[in-house]
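Engineer: Predicted model and sequence follow; I will ask about them next.
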Amino acid sequence: MSSILKEKHIVLGISGGIAAYKAVELLRRLSDGEAQVAVILTRNAQRFITPLTFQALTPYGVYTDLFDSYRPGAMDHIQLAGWADLIVLAPATANLIAKAAHGLADDLISTFLLACPSPKLFCPAMNVRMYENSIVQANINRLKGFGYQVLEPSAGPLACGQTGPGRLPDPEIIIEEVLGLLSPQDLKGEKVLITAGCTWEAIDPVRFVTNPSTGKMGFSLARVAKRRGAQVTLISGPTHLESVPGISTIRVTSALEMEKEVLRAFPASTIVIKAAAVSDYRPQEVTPHKIKKNGQATLHLNLIQNPDILRRLGQKKKNQFLVGFAAETDDLIQNALQKLKEKNLDLIVANPIGKPDAGFGWDTNQVLFLFPDGKTKSLPVMLKDEVAGLIFDSIINQKKKKPKK
Ligand code: C5P
C-alpha cells in the first residue's frame, strides 16, 4: 500500500444502494494505508448496512445525522468539512448525485458536501437504466463541471438482475483514483512511455526462452505517473498483472513485438522508461511443431541477438528524457555506467540481483540512480511504488536543469 494515504483525513460518504456493503472493504483498505477515515451514512444507507459495522472499523467517527455533533467528542458538519482532505462518495446513488449537482442541503451528507472545499470523488453505483438515464447523466456532467471527479462504474451483472454499467468498481480501482487526487500533478502535460515485464522468445509452439521479471516495477511506474497527471502508455510483456483503468496498456509477447510498439509510441513521448527485462537473444528458428525427444540426450538451440530497443531509442532521441534499468549480478556500478553512456541515457536505475527484497518478483526494490554527469544516488530497500515516485522526482529535477533543444 502506498504511503500517500498515511495520516490523510478522508470522509467516506455512503448512500443507500446495494453496493453499500462494499464500502466496508474500501474503508479497510484506506485504513490499511493509514488514512484516517470518518464515515457518513445516509438514512437509506443504514437500511443496507449499520453504523455499528463501520464503528468497529474506524476510530475517526461514524456520522448519520446533521445533529450528531451533540454527541460528546463528535464533529459537526462544519468541523468535519475543515478536517477532510478528501471526500469519497461510494456508492453514490442517483439521489445523492442529484442533490450534490443542485446544491440541496437537507441532510448531513449534502450539507457537508456544500461546506467542504476539498476534492470530491463520486463513485456512482445503481441500476443500468438509472445510470444511463439522461437526467442522471446530466447531473454527473454537472458535477464534473464543478470540478468534481466522477469514477465510471464497472460493467457486469448487477444486483437487480440486469447487466451493464452500474457496479461499484473494486476497492483497488477506487483507491487508485484516491491516490491520484492526493498526489501532486507535477507530471501534467507529460506523455510517459513505460515498458514492463519479460519477453517470451518462442522455441516451438509450447516452449519459450524468458526470465523471471513479473512487470511489477514497470506497472508501479505507470501507476505513479498516471497519479501525478501524466498521459501514460504501458507496453508490457506477458504478466499476470491487471491493466489499470486510464493507462493505455499494450500487451506484447516477444522482443520484436515490443520493439515495434515502442518505436511507434516513441516520437510522441516526452519521458521514456524501459523497465522491461527484454530477452537479449531469441531462437534463430521457431519449430512449427512441438520438438520431440526422439531419444536424443542433448538438444542444441541456436540463439540470435534481439535488437537492443533502448540503444535504438538513444540514437533516435530528440527531447525525450530516456531512462534505462540495469539489473546486474556483478560490478553493478561499472556495468550500469557503461550502459548509461553507450545507450545515450539521461538516467539509469541500477539494481543488484540476488539480494533479498529486491529485483524480480518482489514488491520492494533496492536501487541506485546514476546520471550522465557522474552523480549517483543510492536508495535503501523500499516499495516499488516509492522507488517509482523517486524516479519521477529525479526526472522532474533533471528536466528542469536540462535546456530544451
Ligand atoms: O543491456 P541490458 O539488457 O542489461 O540493458 C538493460 C536496459 O536495456 C533495460 O532498460 C532494458 O529494458 C533495455 N533493453 C532493451 N532491449 C534489449 C535489452 C535491454 O531495450 N534487447
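Structural biologist: That came through fine.

Engineer: where does this structure come near the ligand, residue by residue?
Structural biologist: Residues of the chain found near the ligand (C-beta under 6 Å from any ligand atom) are 195, 255, 274, 276, 278, 280, 306, 308-310, 324-326, 339. Every C-beta, even on glycine, is put in place using the N, C-alpha and C of the backbone.

Engineer: for the chain, what helix or strand is lowest in average pLDDT?
Structural biologist: Least confident helix or strand, the chain: strand 364-365 with a mean of 86, by mean pLDDT, DSSP states H and E.

Engineer: What's the first helix or strand after that strand?
Structural biologist: Where DSSP states H and E defines the elements, the next helix or strand beyond strand 364-365 is strand 368-370.

Engineer: same question for the helix or strand following that following strand, mean pLDDT?
Structural biologist: Downstream of strand 368-370, the first helix or strand assigned by DSSP H and E is strand 376-378. Regarding strand 376-378, the rounded mean pLDDT is 94.

Engineer: Paired strands for strand 376-378, with orientation please.
Structural biologist: strand 368-370 (antiparallel) (DSSP bridges).

Engineer: Spatially, and excluding backbone neighbours, which residue is closest to Ala35.
Structural biologist: Distances taken as C-beta to C-beta, 6 or more residues apart in numbering place Leu5 nearest to Ala35, at 4.1 Å, with adjacent residues excluded.

Engineer: Settle this for me: the one you found is touching Leu179, isn't it.
Structural biologist: Yes - using C-beta atoms under 8 Å, Leu5 is in contact with Leu179, at 7.2 Å.

Engineer: and Ala196, what does it touch?
Structural biologist: Counting by C-beta atoms under 8 Å, 6 or more residues apart in numbering, Ala196 makes contact with 215, 217-219, 221-222, 234-237, 239, 241, 275-276.

Engineer: So which of the residues you listed are in helices?
Structural biologist: Members of those lying in helices (criterion: DSSP state H): Met217, Gly218, Phe219, Leu221, Ala222.

Engineer: Could you give the backbone dihedrals for Cys198?
Structural biologist: Backbone torsions for Cys198, taken as degrees, to the nearest 10, come to phi -100, psi -180.

Engineer: hmm, I was thinking of Lys318
Structural biologist: Dihedral angles of Lys318 (phi, psi; degrees, to the nearest 10) stand at phi -110, psi -90.

Engineer: so how many other residues sit close to it?
Structural biologist: Around Lys318 there are 7 other residues, counting by other C-beta atoms under 10 Å.

Engineer: What pairs with the strand or helix carrying Ile10, parallel or antiparallel?
Structural biologist: Under the criterion of DSSP H and E, Ile10 resides in strand 9-14. Partners of strand 9-14 in the sheet, by DSSP bridges, are strand 36-41 (parallel), strand 86-92 (parallel).

Engineer: Could the C-alpha coordinates of the shortest one be exported in PDB?
Structural biologist: Below are the C-alpha coordinates for strand 36-41, written out as PDB (Å, rounded to 0.1, in the frame of the first residue of the first chain):
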ATOM      1  CA  GLN A  36      -7.800   8.400   9.000                       C
ATOM      2  CA  VAL A  37     -11.300   7.800   7.800                       C
ATOM      3  CA  ALA A  38     -14.600   9.300   9.100                       C
ATOM      4  CA  VAL A  39     -17.800   7.800   7.700                       C
ATOM      5  CA  ILE A  40     -21.100   9.400   6.900                       C
ATOM      6  CA  LEU A  41     -24.100   7.200   6.200                       C
END
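
Engineer: Any idea how far it is from the middle of the chain?
Structural biologist: Computed by C-alpha atoms, centre = their mean, to the nearest Å, the chain-centroid distance of strand 36-41 equals 24 Å.

Engineer: do the same with stretch 236-248
Structural biologist: On the basis of C-alpha atoms, centre = their mean, stretch 236-248 sits 10 Å off its chain's mean C-alpha point.

Engineer: How about stretch 161-172?
Structural biologist: With C-alpha atoms, centre = their mean as the basis, stretch 161-172 stands 20 Å off its chain's centre.

Engineer: repeat for stretch 102-120
Structural biologist: Stretch 102-120 sits 29 Å away from the centroid of its parent chain (C-alpha atoms, centre = their mean).

Engineer: picking up where we left off before, of all the contacts of Ala196, which comes closest to the ligand?
Structural biologist: Nearest to the ligand among these: Ala276, at 4.6 Å, using C-beta to the nearest ligand atom.

Engineer: Which residue comes closest to Ile203 once chain neighbours are left out?
Structural biologist: Using C-beta to C-beta, 6+ apart and skipping residues adjacent in sequence, the residue nearest Ile203 is Pro283, 5.0 Å away.

Engineer: ok, now which ones touch the one you found?
Structural biologist: Residues near Pro283 by C-beta under 8 Å, 6+ apart: Glu201, Ala202, Ile203, Val209, Leu301, Asn302, Leu303, Ile304.
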